[in-house]
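**Student:** sharing a model prediction with you, sequence too.
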There are 4 protein chains.
Amino acid sequence: VDLDRAQEVIAKARAEADRIGVPMTVAVVDAGGHLVAFARMDGVAFLTNEIAIAKAYTAAGARTATSNLEQALAAASHIVIGLATASGGRFLVIGGGAPIRDGDEVVGAVGASGGSAEQDQQVADAAAS
Amino acid sequence: VDLDRAQEVIAKARAEADRIGVPMTVAVVDAGGHLVAFARMDGVAFLTNEIAIAKAYTAAGARTATSNLEQALAAASHIVIGLATASGGRFLVIGGGAPIRDGDEVVGAVGASGGSAEQDQQVADAAAS
Amino acid sequence: VDLDRAQEVIAKARAEADRIGVPMTVAVVDAGGHLVAFARMDGVAFLTNEIAIAKAYTAAGARTATSNLEQALAAASHIVIGLATASGGRFLVIGGGAPIRDGDEVVGAVGASGGSAEQDQQVADAAAS
Amino acid sequence: VDLDRAQEVIAKARAEADRIGVPMTVAVVDAGGHLVAFARMDGVAFLTNEIAIAKAYTAAGARTATSNLEQALAAASHIVIGLATASGGRFLVIGGGAPIRDGDEVVGAVGASGGSAEQDQQVADAAAS
């Protein structure tokens, strides 16, 4: 993703967050998991920063929505602990991360944090679409 | 800084970076040193990410331009090692970080990375003004 | 394992991954758990990197397949947390790691990541045999 | 870089290392700094692993040879300490890392370790060419 596309994703995320009335922190990373654009909406707690960035990193690195990983690994804390530690804390399996695609290719990902896992995923999906 | 102000700071940084012809990564943090907005301009290497964020963190935490710290600490590597380690790598004394003020109060900071330390500081100063 | 043997293990892993139609990342470590050879097949997500390396490290360090550890520790998250943290994230109990033996002696290990834990173990076993 | 290209780079590095009689560890990363292929030649100490990987990461992230960074930062230990810590140890300014280009675009990087910084850079340059 270039910066224009990344900022478009953030604008979409903010619009969806506004629509459902839940302010959020939104992070957009490139295909390598590196931050391209970021916005924390007013009043959102700063602990959401690392969460949004980790969700985006995870969605880019696994090329799937983090809600899928959350379901798949819900009963496997031995795996989650291992992966979280192996990745230096960047692997995070909570809903709210979605890959950004250009056709079939994953060109980046967006992570949202501030609401419930379901709300975060909804905003990320709307932003990535 | 709220998100509107942070994005204004980023817009100013981009304008100054464009003016001098050096694309940059720009990070804006609040008074607590936590990221509020971020933009990596097209073509800028990803190693600038952590640098821009660390410069902003350092300028907010020390309430002064990082170019001042760079001069003050250039010969004091024992201090730099201690602070870099104590802060988990977020303390970085290279020009390119500037506090954002509201009157006398430091309300956040901006960090820029992509050019020389002098160019980065110039962009950060223009953005924070 | 020397580099020739390690690359032979990787070639076998790739052949088995191709056979079952699941591209993978494969890591081979020596008896000390240190990387000797590595290959990420085209299209495999980068989050598999740390997973494959950690599985190989764990199989070399425990001298058994990681699928055995996964079963043994599935209900013991207090142990998994401790070992993951103590090892800096290199201890990972998911199927996909297998020791490489020279007679009875463990001379290294291979880790595979990209499919299910069962598929990963199948590829690692085929590669280590 | 895809895996074929990465293995070609490793083969070239091994050939150059053989030619000068200095066995090395060689790492190839993609544009995002993530490992694609790796080989540690027989008899090379395992501490070269993290060095080769960090050189490749740094050359990909900065889009320049690490020998250039080594010269530029030789008198600036306050900066090197800060960047090493900020990057979690992945920023390493020793000769031996070279970007891999596809025309003008940086598509990855190679890191070599095992000889002097000059020898490592020579091998990396030969491999990346």
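**Tutor:** Perfect, I can see it now.
**Student:** how about stretch A:72-84 and chain C, touching?
**Tutor:** Yes. Applying C-beta under 8 Å from any C-beta of the partner chain, one finds stretch A:72-84 touching chain C at A:76-79, A:81-84. The way it works is simple: take the backbone N, C-alpha and C, and place the C-beta from them, glycine included.
**Student:** my guess is residue A:101 contacts residue A:107. True?
**Tutor:** Yes. Using C-beta atoms under 8 Å, residue A:101 is in contact with residue A:107, at 6.7 Å.
**Student:** export stretch A:80-87 as PDB, just CAs?
**Tutor:** Extracted in PDB, the C-alpha atoms of stretch A:80-87 (Å, rounded to 0.1, in the frame of the first residue of the first chain):
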ATOM      1  CA  VAL A  80      -0.900 -18.500  21.400                       C
ATOM      2  CA  ILE A  81       1.600 -18.000  24.200                       C
ATOM      3  CA  GLY A  82       4.400 -19.500  22.100                       C
ATOM      4  CA  LEU A  83       3.600 -17.400  19.100                       C
ATOM      5  CA  ALA A  84       3.200 -14.200  21.100                       C
ATOM      6  CA  THR A  85       6.600 -14.700  22.700                       C
ATOM      7  CA  ALA A  86       8.300 -15.900  19.500                       C
ATOM      8  CA  SER A  87       7.200 -12.700  17.700                       C
END
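**Student:** show me the shaky parts of chain A.
**Tutor:** Applying pLDDT under 70 to chain A flags no residue at all.
**Student:** please enumerate the strands of chain A.
**Tutor:** With DSSP state E as the criterion, chain A has strands at A:25-30, A:35-40, A:97-102, A:105-113.
**Student:** winner for burial among those strands?
**Tutor:** Between the strands of chain A, strand A:25-30 has the highest mean count of neighbours, a mean of 30, where neighbours are mean count of other C-beta atoms under 10 Å in any protein chain shown.
**Student:** number of residues surrounding the residue nearest to residue A:20 when sequence neighbours are not counted?
**Tutor:** Setting aside the residues directly before and after it, residue A:20 is nearest to residue A:119 in space (C-beta to C-beta, 6 or more residues apart in numbering or on different chains), at 6.3 Å. Using other C-beta atoms under 10 Å in any protein chain shown, residue A:119 is surrounded by 20 other residues.
**Student:** point me to the residue of chain A nearest chain D.
**Tutor:** residue A:32 (1.8 Å; C-beta to the nearest C-beta).
**Student:** list the contacts for the residue most central in space within chain A?
**Tutor:** Closest residue to the average C-alpha location of chain A: residue A:111 at 1.5 Å, with C-alpha atoms, centre = their mean. By C-beta atoms under 8 Å, 6 or more residues apart in numbering or on different chains, the contact set of residue A:111 is A:26-27, A:29, A:51-59, A:66, A:96-97, A:124.
**Student:** how far away is it from residue A:52?
**Tutor:** Per C-beta to C-beta, to the nearest Å, residue A:111 is found 4 Å from residue A:52.
**Student:** residue D:119 versus residue A:123, what's the distance?
**Tutor:** From residue A:123 to residue D:119 the distance is 52 Å (C-beta to C-beta).
**Student:** please apply the same query to residue A:4.
**Tutor:** According to C-beta to C-beta, residue A:4 and residue D:119 sit 43 Å apart.
**Student:** residue A:49 and residue B:33 touch, don't they?
**Tutor:** No. Residue A:49 is beyond contact range of residue B:33, at 10.5 Å (criterion: C-beta under 8 Å).
**Student:** out of the residues of stretch A:72-84 next to chain C, which are buried?
**Tutor:** Buried by 16 or more other C-beta atoms under 10 Å in any protein chain shown: A:76, A:78-79, A:81-84, out of those.
**Student:** chain center to stretch A:57-64, what's the gap?
**Tutor:** 9 Å (C-alpha atoms, centre = their mean, to the nearest Å).
**Student:** touching chain B at all, that stretch?
**Tutor:** No. Stretch A:57-64 is not in contact with chain B by C-beta under 8 Å from any C-beta; minimum separation 11.9 Å.
**Student:** which positions within that stretch qualify as buried?
**Tutor:** Buried residues in stretch A:57-64, counted by 16+ other C-beta under 10 Å: A:57-64.
**Student:** now the lengthiest helix in chain A against strand A:97-102, angle please.
**Tutor:** Counting residues, the longest helix found in chain A (DSSP state H) is helix A:3-20. Relative orientation of helix A:3-20 and strand A:97-102, computed by axes from the mean of the first three to the mean of the last three C-alpha atoms, to 10 degrees: 130 degrees.
**Student:** one step back: just the contacts of residue A:111 that are near chain D?
**Tutor:** Subset of these in contact with chain D: empty, counting by C-beta under 8 Å from any C-beta.
**Student:** between these, which is closest to chain C?
**Tutor:** residue A:58 (7.0 Å).
**Student:** correct me if wrong: the closest one contacts residue A:95.
**Tutor:** No. Using C-beta under 8 Å, residue A:58 makes no contact with residue A:95, being 11.0 Å away.
**Student:** common neighbours of those two, please.
**Tutor:** Shared contacts of residue A:58 and residue A:95, defined by C-beta under 8 Å, 6+ apart, comprise residue A:66.
**Student:** OK, contacts around residue A:124?
**Tutor:** A:13, A:55, A:59, A:65, A:96-98, A:110-112.
**Student:** quickly check those for the two that are furthest apart.
**Tutor:** The largest separation in these, counting by C-beta to C-beta, is between A:13 and A:65 at 14.3 Å.
**Student:** the more surrounded of these two?
**Tutor:** residue A:13 (29 against 22).
**Student:** right, and that one touches residue A:114 too?
**Tutor:** No. Applying C-beta under 8 Å as the test, residue A:13 and residue A:114 come out as separate, 10.1 Å apart.
**Student:** neighbours around residue A:16, how many?
**Tutor:** A count of nearby residues for residue A:16, using other C-beta under 10 Å, gives 21.
**Student:** export the strands of chain A as a markdown table, with columns for distance to residue D:9.
**Tutor:** Output for the strands of chain A, formatted as a markdown table (distance: least, C-beta to C-beta, whole Å):
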| stretch | distance to residue D:9 |
| --- | --- |
| strand A:25-30 | 22 |
| strand A:35-40 | 27 |
| strand A:97-102 | 27 |
| strand A:105-113 | 23 |
